[in-house]
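> Structure, please.
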Amino acid sequence: MLHNVILVIHVLVAIGVVALVLVQQGKGADAGAAFGGGASSTVFGAQGSGSFLTRATGILATIFFITSLSLAYISTQKIKPTSVVDTVKEQKVDVPVAAEKPAKSTSDVPVSD
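Numbering: from 1, shown residues only. Got it, this is the predicted structure:
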């Protein structure tokens with residue numbers, strides 16, 4: 001049950017990280033900024049919208065790593081190491097034995113000279 005809850009959170013956080021990374025604008029991505037346009041990204045101030053999106057991405061990335069480690073830990077705890085001798089069960093299989101024909105001896109085979 002706990003494994004499924006963490007897995008759902010993990011997938012949702014992964015989708016959130018991908019969405020936030022795609023929404024963010026790279027440094028120097030504006031064509032106007034490359035050619036000396038000083039008014040690029042002035043809607044969000046001089047720093048742009050990077051502080052909120054960067055902070056949200058960092059938080060989601062931290063949650064993603066925590067859920068990854070939690071899933072790995074839970075997955076290893078489900079399988080209990082056992083001895084090979086303990087896992088092998090003796091099985092009695094009743095196989096009917098077919099009537100065997102007596103093998104021909106080499107003395108019964110005619111030899112041609």
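> Sketch out the low-pLDDT regions of this protein for me.
Applying pLDDT under 70 to the chain flags the ranges 27-50, 78-113.
> what about 80?
Within the chain, the stretches with pLDDT under 80 are 25-50, 78-113.
> now Ala72: how far from Gly26?
Distance from Ala72 to Gly26, counting by C-beta to C-beta, to the nearest Å: 32 Å. For every residue, glycine as well, the C-beta is placed using N, CA and C.
> between these two, who's got more neighbours?
Counted by other C-beta atoms under 10 Å, Ala72 and Gly26 do not tie: Ala72 has more neighbours, with 10 against 6.
> gap between that one and Ser51?
In terms of C-beta to C-beta, Ala72 sits 32 Å off from Ser51.
> try Phe64
According to C-beta to C-beta, Phe64 and Ser51 sit 20 Å apart.
> try Ile9
Applying C-beta to C-beta, the value for Ile9 to Ser51 is 25 Å.
> Over to Val8?
From Val8 to Ser51 the distance is 29 Å (C-beta to C-beta).
> Report the contact partners of Thr57.
17, 20-21, 24 (C-beta atoms under 8 Å, 6 or more residues apart in numbering).
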